[in-house]
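# Sharing a model prediction with you, sequence too.
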Amino acid sequence: MSRIGVFICHCGENIAGTVDVVKAAQAAAQFPGVVQGAEYKYMCSDPGQSLIKEAIREKKLTGVVVAACSPRMHEPTFRRACAEAGLNPFLCEMANIREHCSWVHEKSEATTRKATELIRIMVEKVKRNKPLYPIKVPVTKTALVLGGGIAGIQAALDVANAGHQVILVEKDPSIGGHMLQLSETFPTLDCSQCILTPRMVEVAQHPNITLYSYSELESVEGFIGNFKVKIRKKARGVDEKLCTGCGICSQKCPKKKIPSEFDAGLGKRTAIYVPCPQAIPNKPVIDRANCTYYLKGKCKACEKFCPRQAIRFDQKDELVEAEVGAIVAATGFDILQTRDFPEYGYGQSQDIINGLQFERLASASGPTLGAIKRPSDGKEPETVVFIACAGSRDQAKGIPYCSKICCMYTAKHAMLYKHKVHHGKAYVFYMDIRAGGKMYEEFVRRAIEEDGVIYVRGRVSRIYEEDGKLVVKGADTLLGAQPVEIRADLVVLATAMVANPDAEALAQKLRVSYDPYHFLSEAHPKLRPVETNTGGIFLAGACQAPKDIPEAVAQASGAAAKVSALFSSSELSREPVIAVVNRTAPPIFSTCTACFLCEKVCPYQAIEREEIKDRKGNVLKVAAKVNQGLCQGCGTCVALCRVKAIDLQGFSNEQVYAEMMAV
Amino acid sequence: MAEFQPKIVAFVCNWCTYAGADLAGTSRIKYASNVRIIRLPCTGRIDFMLLLKALDQGADGVIVSGCHPNDCHYTAGNFHARRRWIVFRSLLDFLGLDTRRVHFAWVSAAEGAKWAQLVNSVTEEVQRLGPYHDYQKLAGAGVE
Amino acid sequence: MEELRKKARELLERGAVKVVIGYGPGSAARTRAVFVRKPEDADQLILNDQCTQNLSVYLTKPEVKTLGKPAIVAHLAGLRSLVQLAAENQIADGQVLAIGVSPEGKLAELPDLKAVEAYLAGFRFELSPEEKAELDKIERMTAQERWKFWQEQLARCLKCYACRAACPLCYCERCLAGNNQPQWIPVASHQTGNLEWHLIRAMHLAGRCIGCGNCERACPVGIPLSLVTHKLGEEVFKNFGGRPGLSSQQEYALGSWKLEDKENFIG
């Protein structure tokens, strides 16, 4: 017989303000099968939970319904309380009378009636709940880190230093990401490569880290603690074991004018190339789209001159399989290009560049060896205009958000320009100055007060070329929207930070949520910033949202901590909300008709075929069986099964039918 | 004369629409109180028989809602649900049931406002259509 | 007919099959199924244009399975049922020998699935103009008219489940209609239960039903079930492409999905 306890929370005034909780409790106490209807100010508090525990013990409850906030909030809290009192936690359900009732309706009789009905629905469900026990699965203590930028590097090092194996996958020929392209970093102006390369070397040499560069994630199967991943090692065209990184191949390569991705299009590279001098691994890659051998079948200069005969033109992509227990997505970001700005000429002028391109100009190892020069004629610019918020905070461009780093790096760029061209004039067109980090505001002040950068508060409506100069037309709002026209030699757009073009595809491969801008979604915007809603997959860096280097590093360490926590035991307890195929006595064995339509439908391939045999080994019947480790509890198979031989624990046919009938 | 208050049953998925309804709650967006939500892990779990049972039990309108295509927490549950609904709806229509009373939607966890709007518009339409007497007349006589 | 009897005799004599399932004379010039186990009984088999039932329904009956490997006389519908049953793991390849009968009455021995599928590939499966017109008539009614039409038709339903017994694809040993925890389908011959029974059976058949018409023929009160089965076939074909029962590798329409699946009613 059912002995259900109903506990209604006032939640202060949140529920009691619109729902008559006393009346609801009285009504609930009258429901068939309910032996206690109580209400209390804060059920989730210690005394509130004690109320439940006492009732379980004294009234010998067989089920508990807590009518309060959303189960997505406190279901674990109350289930734990029940478990502590000796009642199986899955015999506890929550009726959502706050988010779905008191908070969305006015105080009225109808609202109280709705709350009472919601409680009755859950009472009817709970009467059919069955005790469930957690399922234990093993955990593979290897982490997969996707992305070898600063966030990926930090996460990989932290997990490796905690004593676990790490596989780091980077799609570019070298790790380092965008940070490797920077010249100096704010707010300290230290050299980006100088602080990054030691970390890169540490990754390359760490005994616990296996680095797959020029590789991409091909596929992911499995679930938390038990992922099976395939990694595509793209063909470099070079035998990495023989290559010493001497660089003769690039010197001899006749194709020398290919725009360099590392130099953001401002510099040139060869068809066989190492992206930059500090590349790790320091092994070249052949750009098959531009190599004469692949295009016309001729040349092979690199092969001729390689002292170690390490060139392999027929090298093929290799698929590597690995088993990992956790995945950290640290795939970074992209920025808008100048061609995305019709108002600034679609990027047709070579002297309108974006932030990354300016970094390459300013970088000592860049195409101009650190001198600020106009890309069009190589002359030193006398007047440079920096435009902040180019694309960001712009609803018309579909980017309403702030890219966070541009105010700081624009100030930095202006300062670097002034340090290199003392007599030059630097203007910054800005909307606001966002300098919230440690020493950030002081940094911007320095640019204005010490380096004489001129800040104009206003936007730039047009830029056009005239007599070799760029006419920048903007406004100065602090002077009452006075029009401002500057004839500049170089314009730097602080373009918006956006997600990588393949971020959506990656998110779908990993089965993690993403927002409309294709940034990967965190599990909770405030309290769970490094986890995703998919168990075992964590986030680090700008792939989650625009952020600067200190934040990326902090988040990466946070993700690594979560991974280490996951790896802290060799077994993981799984929620038993999984599907089960019925089994019964011979000669039926199971009502399953073995049509196996469920097998094809399962997104996790969790359904297997079981041969039910007699003692001699003769197969009496074949029926479907659910793999407890793989099933995620979606219930698609349950809705599909014509005969209802398969059912979902926690949301069984009986339970949902009872809820339905109670409406 | 008291205005007819329809009974609306909503079958929603836990990860998107239920969370979206929660968001409507945290944002204190007010909407009609006629809806009763039944939580399921995924739209893939929603058996079409449940919709029939809802009408059976006196529901005047039914809402079925889950994650947008490609965003299913279990990757494909909503794709299967979509196919099921396409066939089910055409069958309902063929047999003469009032498909204006059965609404399908994709409401994500971020779309609290959309949830409220959906409930309001469905409640309003069903209010206009009146109680689903045709179906409810069939039921009764002690048979569930 | 003679050719069929000869073939049956020959198959039984050389032990290729243990039983030949075919048509035999029934009462009042009707035909019924016969299960010929001895070569000398092959003369019981007849084949004329009264032989319209889909005999594949017997392939999944446990009593028939105990007889051993069968040969089955099958028109196009029967062959399609065979393929669909194979797609659903109810028949293993080579476990059934099909004697295909073309619309003109020509016989073809089809020993395995590949042969059956190849044979079926030579035909087109669309609704006849008359069948289309029947459907059109219903679809042109208003929703209210359709409701009235179907309520009148379904009022006669006795819940005898003859439609289920006659359907080759209703092979579940424990049909959902028998469940009482929970009772999804009210069993009494009552308007709600009648509607729900037929609706649910239709949904279970969507993407699987090949339109053999056994159900309509079996119904003792003459409910026009072929309207429903044809509608199902057309809806599935229109929305998802493909027809069931033509390939054992064919994906079940409601068990698969495409990103591009289109609808105009999901908000």
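Good, I have the coordinates.

# Just give the number of residues close to whatever residue of chain C ends up closest to chain A.
Here chain C gets closest to chain A at one residue, C:P182, 3.7 Å apart by CB to the nearest CB. The C-beta positions use only the backbone N, C-alpha and C, and glycine is treated the same way. Neighbour count of C:P182, defined by other CB atoms under 10 Å in any protein chain shown: 19.

# surely it meets A:S652?
No: contact criterion CB atoms under 8 Å: C:P182 and A:S652 do not qualify, at 9.5 Å.

# And chain C, what are its domain boundaries?
What automatic domain parsing lists as the domains of chain C is C:2-120, C:129-240.

# which residue packs closest to residue 97, ignoring adjacent ones?
Since you didn't name a chain, this refers to chain A. A:A115 (4.3 Å; CB to CB, 6 or more residues apart in numbering or on different chains).

# nope, chain C
Closest to C:L97 by CB to CB, 6+ apart is C:A71, at 4.2 Å.

# Quick check: which element contains the one you found?
Under the criterion of DSSP states H and E, C:A71 resides in strand C:70-74.

# what's near enough to touch the residue in the stretch 401-550 of chain A that chain B sits nearest to?
Chain B sits closest to A:R511 of the stretch 401-550 of chain A, with a gap of 5.3 Å, by CB to the nearest CB. A:R511 makes contacts with A:220, A:534, A:537, B:73, B:75, as judged by CB atoms under 8 Å, 6 or more residues apart in numbering or on different chains.

# Filter the residues you listed down to the buried ones, ChimeraX style.
In ChimeraX syntax, the buried subset of the contacts of A:R511 is picked out as below (16 or more other CB atoms under 10 Å in any protein chain shown):
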select /A:220,534,537 /B:73,75
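
# among the contacts of A:R511, which are in strands?
Among these, the members found in strands (DSSP state E) are A:220, A:537.

# what's next to stretch A:218-233, contact-wise?
For stretch A:218-233, with CB under 8 Å, 6+ apart as the criterion, the contacting residues are A:137-140, A:144, A:167, A:169, A:212, A:214-217, A:317-327, A:509-511, A:535-537, A:566, A:572, A:604-605, A:629-630, A:632.

# Out of those residues, which end up buried?
Judged by 16+ other CB under 10 Å, buried ones among these: A:137, A:139-140, A:144, A:167, A:169, A:212, A:214-217, A:322, A:324-327, A:510-511, A:535-537, A:566, A:572, A:604, A:629-630, A:632.

# Let me know the pLDDT of residue 234.
Since no chain was named, I'll use chain A. Predicted confidence (pLDDT) at A:K234: the value is 97.

# could you do chain C instead?
At C:E234, pLDDT is 93.

# Does chain A have contacts with the lowest-mean-pLDDT helix or strand in chain B?
Using mean pLDDT, DSSP states H and E, the weakest-scoring helix or strand in chain B turns out to be helix B:133-138, at a mean of 84. No: using CB under 8 Å from any CB of the partner chain, helix B:133-138 stays clear of chain A, coming no nearer than 13.5 Å.

# Helices of chain C, start to end?
Counting by DSSP state H, chain C has helices at residues C:2-13, C:62-65, C:76-87, C:113-120, C:129-139, C:143-154, C:162-166, C:191-205, C:214-218, C:225-240.

# do chain B as well
B:17-26, B:48-56, B:77-94, B:112-129, B:133-138.

# and these, which is most packed in?
Across the helices of chain B, averaging neighbours per residue (mean count of other CB atoms under 10 Å in any protein chain shown) puts helix B:17-26 on top, at a mean of 25.

# State the mean pLDDT of that one.
Mean predicted lDDT for helix B:17-26 stands at 94.

# list the helices and strands that helix packs on?
helix A:71-84, strand B:8-13, strand B:35-40, helix B:112-129 (3 or more CB pairs under 8 Å, 6 or more residues apart in numbering or on different chains; DSSP states H and E).

# Assumed A:K562 was part of a helix.
Yes: counting by DSSP: H, G, I helix; E, B strand; the rest coil, A:K562 is part of a helix.

# Now do the contacts for it.
Counted by CB under 8 Å, 6+ apart, A:K562 has contacts A:326, A:530-531, A:538.

# Filter these down to the ones in strands?
Per DSSP E, these map to strands at A:326, A:538.

# A:Q508 touches B:N70, doesn't it?
Yes: the criterion here is CB under 8 Å, and A:Q508 meets it with B:N70 at 6.4 Å.

# circling back to that earlier point, next up, phi/psi of the residue nearest to A:I97, please.
phi -60, psi -40 (degrees, to the nearest 10).

# gap between it and A:W103?
As for A:A115, its distance to A:W103 is 12 Å (criterion: CB to CB, to the nearest Å).

# Who is the residue nearest in space to the middle of chain B paired with across the strands?
Geometric centre of chain B, nearest residue: B:I63, 1.0 Å, by CA atoms, centre = their mean. Under DSSP bridges, the beta-bridge partners of B:I63 are B:A10, B:H103.

# and it, what does it touch?
B:8-12, B:35, B:103-105, B:118-119, B:122.

# Now do the same contact list for C:L67.
C:18-19, C:35, C:37.

# Flag the shaky bits of the stretch 301-450 of chain A, pLDDT-wise.
Within the stretch 301-450 of chain A, not a single segment meets pLDDT under 70.

# Tell me which of the domains of chain C lies nearest to A:Y346.
domain C:129-240 (43.0 Å; CB to CB).

# So which bits of chain A are right by chain C?
Counting by CB under 8 Å from any CB, chain A sits next to chain C at A:588, A:591, A:593-597, A:600-601, A:622, A:640, A:642-644, A:653-654, A:657-658.

# which one of A:A115 and A:W103 has more residues nearby?
Neighbour count, other CB under 10 Å: between A:A115 and A:W103, A:A115 has more, with 30 against 24.

# Report all helices and strands that the least confident helix or strand of chain B contacts.
Using 3+ CB pairs under 8 Å, 6+ apart: helix B:133-138 touches helix B:48-56, helix C:191-205.

# wait, which of these is closest to A:P400?
helix B:48-56 (38.2 Å).

# and stretch A:11-20, is it in reach of chain B?
No: with CB under 8 Å from any CB as the criterion, chain B is not reached by stretch A:11-20; the gap is at least 9.8 Å.

# Contacts only, for the residue lying closest to B:W106 once chain neighbours are set aside.
Leaving aside its chain neighbours, B:W106 sits nearest to B:H68 (4.3 Å; criterion: CB to CB, 6+ apart). Counting by CB under 8 Å, 6+ apart, B:H68 touches B:16, B:78, B:106, B:108.
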